[in-house]
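> how would this look folded up:
(4 chains)
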Protein chains: 4
Amino acid sequence: MRNTFGNIFTLTTFGESHGEAVGGVVDGLPAGIDIDIDFIQSELDRRRPGQSIVTTSRNEADRVEILSGTFEGKSTGCPIGFIVRNTNQHSADYDNMRDLFRPSHADFTYYNKYGIRDYRGGGRSSARITISRCVGGALAKLALKKIGVEVVAYTSQVGSIALDNDYTRYDLTQVESNIVRCPDAEKAKLMESLIAEVKSCGDTIGGTVTCVIRNCPIGIGEPEFDKLNAMLGYAMLGINAVKGIEFGSGFEGVTHRGSEMNDIFYPEDEKIKTRSNNSGGIQGGISNGNDIFFRVAFKPVATLLQKQETIDKDGNPTTFKASGRHDACVLPRAVPIVESMAAMVILDQFLYNKTTKL
Amino acid sequence: MRNTFGNIFTLTTFGESHGEAVGGVVDGLPAGIDIDIDFIQSELDRRRPGQSIVTTSRNEADRVEILSGTFEGKSTGCPIGFIVRNTNQHSADYDNMRDLFRPSHADFTYYNKYGIRDYRGGGRSSARITISRCVGGALAKLALKKIGVEVVAYTSQVGSIALDNDYTRYDLTQVESNIVRCPDAEKAKLMESLIAEVKSCGDTIGGTVTCVIRNCPIGIGEPEFDKLNAMLGYAMLGINAVKGIEFGSGFEGVTHRGSEMNDIFYPEDEKIKTRSNNSGGIQGGISNGNDIFFRVAFKPVATLLQKQETIDKDGNPTTFKASGRHDACVLPRAVPIVESMAAMVILDQFLYNKTTKL
Amino acid sequence: MRNTFGNIFTLTTFGESHGEAVGGVVDGLPAGIDIDIDFIQSELDRRRPGQSIVTTSRNEADRVEILSGTFEGKSTGCPIGFIVRNTNQHSADYDNMRDLFRPSHADFTYYNKYGIRDYRGGGRSSARITISRCVGGALAKLALKKIGVEVVAYTSQVGSIALDNDYTRYDLTQVESNIVRCPDAEKAKLMESLIAEVKSCGDTIGGTVTCVIRNCPIGIGEPEFDKLNAMLGYAMLGINAVKGIEFGSGFEGVTHRGSEMNDIFYPEDEKIKTRSNNSGGIQGGISNGNDIFFRVAFKPVATLLQKQETIDKDGNPTTFKASGRHDACVLPRAVPIVESMAAMVILDQFLYNKTTKL
Amino acid sequence: MRNTFGNIFTLTTFGESHGEAVGGVVDGLPAGIDIDIDFIQSELDRRRPGQSIVTTSRNEADRVEILSGTFEGKSTGCPIGFIVRNTNQHSADYDNMRDLFRPSHADFTYYNKYGIRDYRGGGRSSARITISRCVGGALAKLALKKIGVEVVAYTSQVGSIALDNDYTRYDLTQVESNIVRCPDAEKAKLMESLIAEVKSCGDTIGGTVTCVIRNCPIGIGEPEFDKLNAMLGYAMLGINAVKGIEFGSGFEGVTHRGSEMNDIFYPEDEKIKTRSNNSGGIQGGISNGNDIFFRVAFKPVATLLQKQETIDKDGNPTTFKASGRHDACVLPRAVPIVESMAAMVILDQFLYNKTTKL
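Numbers count the residues shown, from 1 in each chain, chains lettered A, B, ... in the order given. The predicted model follows:
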C-alpha cells in the first residue's frame, strides 16, 4: 500500500507541507509497551526545523498529539493515531511556483502522475512529511528498548568532509554533542563551516548518514525477498533525497577477494563471533548477532536560493528562485529519520520472526 | 509475505538447491500477453551454470515447464505456475558441511533462525533459487515489450576493473557479445583474465552491475514509501551477495552542490527534457521520462576452494574447504537477474499506477 | 494488516470510544474526485447516536475534520487523514465494568489477548469506531458516483418483523423516510413499536440489513480467493454484531434444484440479461452486470439495561447492569455502515480490475 | 493478492481444470512440523472425484508431489511448492462450450473480465482448483495438531433434508462412516437417496456444511477488520458455489432478544465458561475458548445434464446440454474443502497473534 510501511508493525502516514496537519497511524505495536510521550516529542525535536543555525528557519513547535491506542501509559495493542498540526505556514512563499516545475523536485512528476498537485511547499513531497516517520520510529524504539536493541545514526560525510568508514573508531555517545550530529568533533566543525559557506551562496550540499544497530538478536530477516538488508534498503531509499545505500563492506568491498572479505567464525566465551564484520551483521538476509551497519547517501537539497532556469506547466522556459525557508544541508535533520526507519524495520522483522516457530 | 515479490504483478517462489525442483507462481500478469516460451527459456539460459568458462561447471539444462495460466499462446489473467527440475545434483559434495557453518554464508543464520537447515548446496540460500526470478522477469519483460519499455543491464566492474559511470558512453547492444556481459570489449577481456586468475587460486572476486531502463512512462512509482527507487532498491538488495545500490549520481553526487546536481528542465520538440540526469530518471520517487539507471554492488562469492577456519554446530573450531562446483565471480550470471528484478518492479508499478485516476 | 481494510483503496482506522478522537487514513482514492464535505458529514449523521428515539441518547455532533489529501476541492491522489473528536464522554458510566467481563461483549477476549484493556465504553470494540468506516465509505461513494454505481441498504428485518426477500418489491428511495430505515412504511411502524417495547424492558433485539448495489460494471471481483462475494462477506462480517451473510438465493436456495436456480441468459436490446438473479449479481466471484444483493444478520445488542450474571477478572461470580446510553436495536444505524463497507469493496475491486489488462 | 490466501501462513495457487497441473506454494508454515505425506494424500482423497456413487465419475488419482520446503521429514520454514498433475482430461467433452456461456457459471464473467477464457472444463473456475486448498489445509492441520486444535466439518443439509442446528447432538467421529459425510446415519441415507434421485433426472441439489473448531486458544482473531469470523467468512465465501455463512446463532438468532442470546459467563473448575454458545466461540472478533462453529450454504451445482437455454458469445440464443462428468451434489466433497479453509485461517491467525505481545 502506497502510504503504509511495514508488515506486522506498520506506519500509515498522511499530510502535506501546508495542509491542516501531518500524522499517521501506527498499527501492530505490541501491547504493554510504556508510551513515553516526552521521548516521542524529543525525537520530533531532533528533526524539527529551526533547531540550529544549520537548519531551515521554518520554526514550528511540531507538538505531537497521540489520539488513541494507549491506556494508563501503556500501549493496548490497538492502533495509535497521531497528528502534528501545521502552524507556521508561509503559503504565500510558494505562489510563484504554482505554475512551474522546480528543477530536481517532484513538481513535474506529481503533476504528470495525478493531473493535479498541491504546490504549496512541495505538498506531499515535502520533507515535512517525515514527521510521521519520526513518531513511528520513536514508538518502535520504545518497543526495541524492551528487547535491548539500540539504533544510532550519525552524519558521516558532508560534501567531501568524510569520516572513516569504520564506525567503531568513533564514540557514538557524542553524536548529539554538536549541531551536525557527527561524533568526530573536529570534522563536525569543518562540516558546520562548509554548510555555512554553502548556505551563504544560496547553494546546498549533500552527504551521508551512517547507521549502526546494536544488539539485534540473531535470526531477524527473511531469506528470500524480505532480506533484512532489502527491507532496510527499501526503508532508506524511501526517504526524500536518498540516492544510495551500502551495507558492510559495500561498494569498496567489490574490489577485494573472497579470501579477504569472508568473516571467519571463531568461538569466544561460549559465543560464536567473527574476526571481521564485512557482512555488516547480515548473512543470507538474516541478522547474525553482529552490529548491523550501513551508509546512506543524500543528494544536495534541490531548493536553491539562486535563480535557476526551468519551464512552466505549458512547457515554456522561465526562471525560478526559491524564497521560502530551506535547509542548505539535510544531513543533521536526516539522522533521526534514518534511525526511525531502521527502528521500524527491525521491530517489524523481529515480530515477523516470532511466527517462524510454532 | 516472505517468498512473494510485488504488489499487483507478483512472483511467489519455492525450491532449494538440491530439492526436487525450483519454481514459482506469477500472479497479476495482465491477460492477452503473448507468452513466448522460447524467450523465457533463453532468459534462463543467460543465468544457467556451465554456460562459459567464467561460470560454475555445474551443468544443468534448467528447462522451464509452464503449468498454467496460458491458453492458445496467450496469458489468460490467471496465475502462471512453473517448475524447473533439479537434475544435476551432487549432494555428496556437501556431506562435509552438514555439521559446520561456512564463513560468510547463510548456514549459521538459517540454523539459528529455524533450528533446522537443508545443508545441501546452500538449500534455500543457494543462488539456484534465482531461476524463479528469471522466469518471473522474462514474463514481465514480455508485458513490458508491449508498452515499449526496455530493461538492459551489464557488468560494469569486476574487482578494480571498472567502466566509466556514464552508461551513455557504451553500446548496450554489445552486452551479450562476450562472456562477462560487459559492453566494453577491451575491459571485458581484462575482466575475463582477472576472473580466470582469481579462479586459479581457488579465490573469488566481486563487482558491479549497472542497469538501464529506457522508455519508462512518466508517473511510475508512488510518492511516499513505495518510491520507484525504494522498490528497485528492495528488489536488488534481495539478490544474493548484493551489498549496495546507488541511483543516478549516487554516492559520488553527495560531494557536489545543488547548483551542480540539479537537472534543469528545458523544452525540446514539444517535449520536456532535462540538461542532465543526475536524478537517474526518478524525482520524488516517480519516473520523469528519462532513462532510469542504477548500479548494484556484488561482494565476492563466499565459497572458496581454499581451506578456511570456521566452527561447527557445537561451536568447536574446525576447517572447511569447498569441493563443489562454484562461480569465482557471479557478475556475468547476475546480469539477467538484475534485469529480471527491475522488469518486475517496473511492470508492477506500471499496473499500480493505472489505479491513480478513475 | 489488522486495522487496514482494502487492497488498492484502503482505509486504516484508529480510535476508541472514550479516547481523544476516532479517525483514519483513506489511501488510494483516485486523484480528481470532487470531495463534497457536506455529503461526508451527512453520511456520518446517518450513523450518529441520538438521531431518533430508536437510537442511543449519547448525543455527539460527530463533526469530521479532513486533514489532508484534498486541494481546491478535489482529491489529489495523496492519503486523506481525518479525525472526529470524542466530545460527549461519560466515562464514569463505565467505572463499574473496570474489573468484570460483560456477557457476549469483547471484554473477556480483549483482556486475554492483550493483557490490558481500555474498559471505558468498550474501548476499541465500541460501535463508535464505525465512524471511520462511514467516512471511508462516503469517500468511496463519491468516487463510485463518478462511474455511476449506487449502493443502497435498508433494514429488512427487526426481530420477527421481516420484509419479503425480493428487494425489487420495494421503493428504495423511501429508506430514509422513516427512522428505522425500512422502505415498507407499514412494517417500519411495526419495527419501531417493537424496538420501543424491547427498550422499555431494558432488552435488545436483532435484525437484518439488505444491501443492493446497482450498475456495477461487469468483471469486478477476482476469481480465486478475492471473489466479490468473499470480499463483501469479509467486509460485512467485520462489522460489530454481524453473525451471518447470504447472497442472492442464499440459505433458502440450497433446498432447490439446479434447474430451478440457474439464471438463464437471454438477449434483450443488444444486452445480455438473465431471467432470474438467484446468483445475486455475482458468478464465479465476478460481477455479471445484474444488481448485486445480499442480506446481513445482526444479533441483538449485548448491552442490556437489566441485571445479568457474569464474572470478574479473578473469575469470581458477580452481576452487572449497564448504566450508559445504548441502542436497543442497532439496525437503523447499521444501514449506513453496511453501505459504507460495500462501497469501499466495490471501489477497491473496481480499481484492482483496471490492472487486468495492459 | 488475487491467488494468495492468508497473511502469515499463506497459500498461493495456480492451475486450471484441463492444464498441465494444479498446484501451489505454502509459505509461512513454521519450521519443525512433521510433514506426513500420507496424511496430505488422504486429505486429497477425501475431495477426489470418483470416490463414491454420489460424486462425479471423473476418476483421477490426484497424487500430490511435494517439491520443496521439507528436509528429513520436517518443514524447514521455507516455502512448500507442490503440484498435482491433471491426467484424466476429457477436453473434447467441452468443445461444445467453446463459444457459449453456460448459465450460472463463470464463463460469461471471465470472458468479459479478461477478454479470453480457457473454456475447457471451466478453466480456473473449475472445482478442480480446490485441490490446492486441500493440500494447504492438510499442511495447516499438521501444524494445528501440534497445538491441539481440531477442525471437523460435515454435511448438515442436502436439499430439505436437514440436521438439527445443534452440532453437539451428533457424534462427529461418524462423519466419514458414510459417503455423504453426515454424522446422522439415518439422515445420511435419505440424503444419499435424494442425490441419486436428483442425478437420475440430470439435475443437481444444494445443501449446507457445518464446521466445528475445537480447542482453539483464547485470543485468536484481530479486533477491527480481521475479526476471526470475517476471516472465516472470507475463506468460505471464496469456495465455489457458496452463497452464505452464519456463525453461532446466525440468522435465526436475530429474532431473539439480547436477554435470551447473551452467553453468560460462570466459573467452573478454575476455568471461565459460558452457559450457552450463541456467539459461536467468537466475541468481538476474537476466539473465547469455546467451540467455534458456523454453517455454509452451497447452491445446487450449475452444470445440469439437461438441455438449457442460453446465449453464445455473439449474444445469440442457443441451447446447451453438458456431457462431461459432474457432481449432482457437491456437499460430500465440499466437507474437506471447508475444513481446509478453516484450518488455514486458524493457523494464520494463531501465528499473527504471536506478535501481539513482545
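> How about the secondary structure of the residue of the stretch 201-350 of chain A found nearest chain C?
Residue nearest to chain C within the stretch 201-350 of chain A (C-beta to the nearest C-beta): residue A:348, separated by 11.2 Å. (C-beta placed from N, C-alpha, C; glycine too.) For residue A:348, the assignment made with DSSP: H, G, I helix; E, B strand; the rest coil gives helix.
> That one touches residue A:6, doesn't it?
Yes - counting by C-beta atoms under 8 Å, residue A:6 is a contact partner of residue A:348 at 4.4 Å.
> which residues do these two both contact?
Contact with both residue A:348 and residue A:6 is made by residues residue A:28, according to C-beta atoms under 8 Å, 6 or more residues apart in numbering or on different chains.
> related to what we said a few turns ago, need the contact list for the residue of the stretch 201-350 of chain A closest to chain C.
Residue A:348 touches A:6, A:7, A:8, A:9, A:10, A:28, A:140, A:231, counting by C-beta under 8 Å, 6+ apart.
> excluding its backbone neighbours, what's nearest the fifth one?
When you say that, I think you mean residue A:10. residue A:27 (4.7 Å; C-beta to C-beta, 6 or more residues apart in numbering or on different chains).
> one step back: just checking, which of the contacts of residue A:348 belong to helices?
A:140, A:231 (DSSP state H).
> ok, the contacts of residue A:348 vs residue D:145, which is closest?
Using C-beta to C-beta, residue A:8 is the member of the contacts of residue A:348 that lies nearest residue D:145, at 25.3 Å.
> Tell me who's in contact with the closest one.
If a contact means C-beta under 8 Å, 6+ apart, then residue A:8 has A:28, A:348, A:351, A:352, D:352, D:355 as its contacts.
> and the residue nearest to it when sequence neighbours are not counted, how many residues sit next to it?
Distances taken as C-beta to C-beta, 6+ apart put residue A:351 closest to residue A:8, at 4.2 Å, once the chain neighbours are dropped. By the criterion of other C-beta atoms under 10 Å in any protein chain shown, residue A:351 has 24 neighbours.
> now the helices: where do they sit in the stretch 51-200 of chain A?
For the stretch 51-200 of chain A, the helices defined by DSSP state H, counting those that start in this stretch occupy A:107-114, A:130-146, A:185-200.
> In the stretch 151-300 of chain A, what residue comes closest to chain B?
Counting by C-beta to the nearest C-beta, the stretch 151-300 of chain A gets nearest chain B through residue A:284, at 2.3 Å.
> Torsion angles phi and psi at that residue?
With angles defined as degrees, to the nearest 10, residue A:284 sits at phi 60, psi 20.
> Please report how far it lies from residue B:2.
Applying C-beta to C-beta, to the nearest Å, the value for residue A:284 to residue B:2 is 13 Å.
> For those two, indicate the residue with more neighbours.
Using other C-beta under 10 Å as the criterion, residue A:284 and residue B:2 rank with residue A:284 on top: 26 against 21.
> pretty sure the more buried one contacts residue B:112?
No - look at residue A:284 against residue B:112 with C-beta under 8 Å: they stay out of range, at 10.9 Å.
> how close does residue A:33 get to chain B?
Residue A:33 is 23 Å from chain B, where distance means C-beta to the nearest C-beta, to the nearest Å.
> Which helix or strand contains the residue in the stretch 201-350 of chain A positioned nearest to chain D?
Closest to chain D within the stretch 201-350 of chain A is residue A:223: 7.3 Å, counting by C-beta to the nearest C-beta. Under the criterion DSSP states H and E, no helix or strand holds residue A:223.
> Okay, strands next: where are they in the stretch 51-200 of chain A?
Applying DSSP state E, counting those that start in this stretch to the stretch 51-200 of chain A gives strands spanning A:64-66, A:70-71, A:74-75, A:80-85, A:100-101, A:150-158, A:161-162.
> mean pLDDT lowest for which of the ones you listed?
Here the lowest mean pLDDT among those goes to strand A:100-101, at a mean of 94.
> close to chain B, is that strand?
Yes - judged by C-beta under 8 Å from any C-beta of the partner chain, strand A:100-101 comes into contact with chain B through residue A:101.
> Show residues contacting that strand.
For strand A:100-101, contacts defined as C-beta under 8 Å, 6+ apart pick out A:107, A:108, A:111, A:310, A:311, A:312, A:313, A:318, A:320, B:265, B:272.
> Could you pull up the residues touching the nearest residue to residue A:191 once chain neighbours are set aside?
In this structure, residue A:191 finds its nearest non-sequential neighbour in residue A:158, 4.1 Å apart by C-beta to C-beta, 6+ apart. Residues near residue A:158 by C-beta under 8 Å, 6+ apart: A:180, A:182, A:191, A:194, A:195, A:205, A:206, A:207, A:329, A:331.
> On the pLDDT front, check the first one for me.
Listed pLDDT for residue A:180 reads 97.
> how much space between it and residue B:254?
Residue A:180 is 14 Å from residue B:254, by C-beta to C-beta.
> go on, residue A:216?
Residue A:216 is 27 Å from residue B:254, where distance means C-beta to C-beta.
> Please apply the same query to residue A:162.
Using C-beta to C-beta, one gets 9 Å for the distance from residue A:162 to residue B:254.
> which neighbours do those two share?
The contact sets of residue A:162 and residue B:254 overlap at residue A:208 (C-beta under 8 Å, 6+ apart).
> who's more crowded, the two?
For residue A:162 versus residue B:254, the count of surrounding residues by other C-beta under 10 Å is larger for residue B:254: 27 against 15.
> which residues touch the nearest residue to the more buried one once chain neighbours are set aside?
Spatial nearest neighbour of residue B:254, excluding adjacent residues (C-beta to C-beta, 6+ apart): residue A:206 at 3.5 Å. Residue A:206 makes contacts with A:158-159, A:241, A:297-300, A:329, A:331, B:253-256, B:261, as judged by C-beta under 8 Å, 6+ apart.
> One more: residue A:39?
A:138, A:141, A:142.
> ok, of those residues, which one's closest to chain C?
Closest to chain C, out of all of these and judged by C-beta to the nearest C-beta, is residue A:142, at 15.4 Å.
> Look up how far residue A:74 lies from the closest one.
Using C-beta to C-beta, residue A:142 is found at 10 Å from residue A:74.
> what is in contact with the two at once?
A:33, A:34, A:35.
> Need those residues in a markdown table (columns: neighbour count).
What follows is those, written out as a markdown table (neighbours: other C-beta atoms under 10 Å in any protein chain shown):
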| residue | neighbour count |
| --- | --- |
| A:33 | 22 |
| A:34 | 13 |
| A:35 | 20 |
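> what's the closest of the contacts of residue A:348 to chain B?
Of all the contacts of residue A:348, residue A:231 has the smallest distance to chain B: 7.3 Å, by C-beta to the nearest C-beta.
> burial measure for that closest one, as a count.
Neighbour tally, residue A:231, other C-beta under 10 Å: 28.
> residues touching the residue lying closest to it once chain neighbours are set aside, list them.
With sequence-adjacent residues excluded and distances taken as C-beta to C-beta, 6+ apart, residue A:231 is closest to residue A:345, at 4.9 Å. By C-beta under 8 Å, 6+ apart, residue A:345 lies in contact with A:6, A:228, A:231, A:232, A:235.
> swap in residue A:44?
A:62, A:64, A:84, A:131, A:134, A:135, A:138.
> make it 6 Å
Counting by C-beta atoms under 6 Å, 6 or more residues apart in numbering or on different chains, residue A:44 touches A:62, A:64, A:134.
> now, which of those residues sits nearest chain D?
Among the contacts of residue A:44, residue A:134 lies closest to chain D (C-beta to the nearest C-beta), at 21.3 Å.
> So what's the predicted local confidence for that closest one?
For residue A:134, the model assigns a pLDDT of 98.
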